[in-house]
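In: Structure for this input, please:
(one chain, ligands or ions: 2)
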Amino acid sequence: MAKFNIAVVKGDGIGPEIVSGAMEVLEVIGKKYGHTFNFTEYLAGGCAIDAFGVPLPEETVAGCKAADSVLLGAVGGPKWDEVPNHLRPEKALLGLRAALGLYTNLRPAKIYPALMEACTLRPDIVAKGFDLVIVRELTGGIYFGERGRRDGKYGPEAYDTEAYSVMEIERIARTAFETARKRRCNLVSVDKANVLETSRLWREIVHKMAEEYPDVEVSDMYVDNAAMQLVREPSRFDVVLTSNMFGDILSDEASQITGSIGLLPSASLGEGKCGMYEPIHGSAPDIAGTGKANPMATILSAAMMLRYSFDLAEEADCIENAVNQVLEEGFRTADIVGNSGAVPLSCTEMTAKIIERL
Ligand code: IPM
Ligand code: MG
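Out: Ligands and ions are numbered 1, 2, ... in the order given. Below you'll find the model as predicted:
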């Protein structure tokens with residue numbers, strides 16, 4: 001029995017709908033297993049711009065830092081497309097990751113047997129199944145490098161820079177090696193070492209660290225090839241280690257081959273136990289308020305919170321099994337309805353189905 005303080009950042013678009021679903025699930029888990037989850041809501045993203053004029057208010061940063069973990073929906077939307085760059089809603093997400101020191105982003109992607117028909121890959125590829133996790137560096141690289149505008153050789157130009165320190169590469173690589181050890185002991189390090197100096201350093205360090213992990217089979221792959229192999233033979237991947245930018249791109253690709261981006265949870269972790277848990281998808285402004293959003297990625301993110309930040313593995317299993325069961329029984333939200341003929345459930349209806357099975 002334990003008490004946990006969770007900072008809740010619902011954000012924009014479908015954020016409030018999907019996070020409410022995950023909170024309800026946590027409430028039920030709390031009752032079932034005798035834990036107390038205290039939720040405190042904070043604003044970040046576009047809604048914070050509207051309320052306070054900034055995407056990431058100090059109060060939100062302080063509240064998230066003080067909490068045992070953060071549950072986040074999604075931020076951004078066309079309404080804030082025209083705001084100056086330093087005020088964009090996405091700054092809230094990047095700012096929180098940096099402020100909390102969350103340099104590891106775990107993005108698991110696996111195929112649910114029940115959803116094979118929703119998968120866009122060829123049936124013979126899907127039939128082999130896949131279960132992989134992308135370990136994405138989250139607080140460095142081109143996302144956080146120097147950027148700006150200047151006068152260039154051909155007139156005005158813009159630039160972004162990628163830098164990675166030895167320390168940053170070592171700590172994310174360590175997470176990836178340790179993750180591989182707990183799984184199938186296979187690690188693919190994805191880079192662009194044929195062009196980028198940061199990738200060459202990345203490779204050197206991964207190779208050196210591989211000596212400490214003789215039980216883990218390590219290989220390198222260029223990111224363009226990795227993008228191809230992910231759709232050609234996803235079953236060959238176990239743990240994929242990569243940089244911030246490459247991880248962003250490859251995780252969207254990995255999500256689509258599971259059937260829907262609405263299914264993929266993520267955990268962002270640092271040195272301590274406090275993590276930030278969010279679906280990998282965005283705020284989907286086009287379907288916000290329609291009830292069409294799939295709450296599963298956020299509910300599975302809550303399960304990851306229980307597992308990684310609160311050491312509640314049984315409770316996490318309970319949520320994951322309930323999601324699996326709902327899918328096995330044929331319940332679908334609009335994004336995964338495919339050719340199944342199922343009547344799509346709304347976000348709240350799907351949440352209720354999951355809760356019934358906890
Ligand atoms: C993600 C998102 C973010 C990222 C955006 C919203 C800044 O795409 O979490 O994958 O690029 O990290
Ligand atoms: Mg992304």
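
In: hey, let's count contacts and neighbours off CA atoms from now on
Out: Fine.

In: Which residue does the stretch 51-200 of the chain have closest to ligand 1?
Out: Nearest residue of the stretch 51-200 of the chain to ligand 1: Glu90, at 4.8 Å (CA to the nearest ligand atom).

In: Show the contacting residues for Glu315.
Out: Glu315 sits next to Ile29, Tyr33, Ala303, Leu306, Arg307 when contact means CA atoms under 8 Å, 6 or more residues apart in numbering.

In: If we use 7 Å, what do you get?
Out: Ile29, Leu306 (CA atoms under 7 Å, 6 or more residues apart in numbering).

In: So it versus ligand 1, what's the distance?
Out: 25 Å (CA to the nearest ligand atom, to the nearest Å).

In: Could you look up the SS state of that residue?
Out: Put simply, Glu315 is helix when judged by DSSP: H, G, I helix; E, B strand; the rest coil.

In: Kindly provide the distance from it to Ile29.
Out: Going from Glu315 to Ile29 by CA to CA, to the nearest Å gives 7 Å.

In: same thing with Pro113?
Out: Using CA to CA, Pro113 is found at 25 Å from Ile29.

In: Can you list the residue ranges for helices in the stretch 101-250 of the chain?
Out: Taking DSSP state H, counting those that start in this stretch as the criterion, the stretch 101-250 of the chain carries its helices at 123-127, 166-182, 197-210, 223-232, 244-257.

In: outside of the longest one, which residues touch it?
Out: When contacts are taken as CA under 7 Å, 6+ apart, the neighbours of helix 166-182 outside the stretch itself are Thr104, Val135, Glu137, Asn186, Leu187, Trp202, Ile205, Val206, Val216, Val239, Leu241.

In: CSV for the helices of the stretch 101-250 of the chain, including mean pLDDT?
Out: Shown next, in CSV, are the helices of the stretch 101-250 of the chain (pLDDT from 0 to 100):
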stretch, mean pLDDT
helix 123-127, 90
helix 166-182, 98
helix 197-210, 98
helix 223-232, 97
helix 244-257, 93
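
In: quick one on the thing from earlier: the residue of the stretch 51-200 of the chain closest to ligand 1 contacts Ala74, doesn't it?
Out: No. Using CA atoms under 7 Å as the test, Glu90 is too far from Ala74 to be in contact (9.2 Å).

In: how is the chain carved up into domains?
Out: Domains of the chain are assigned by automatic domain parsing as 1-102+282-358, 120-257.

In: Can you show me the strands along the protein?
Out: Remark: strands assigned in the chain by DSSP state E are 3-11, 36-41, 69-74, 104-110, 131-137, 147-152, 155-160, 186-191, 217-222, 239-242, 265-269, 275-279.
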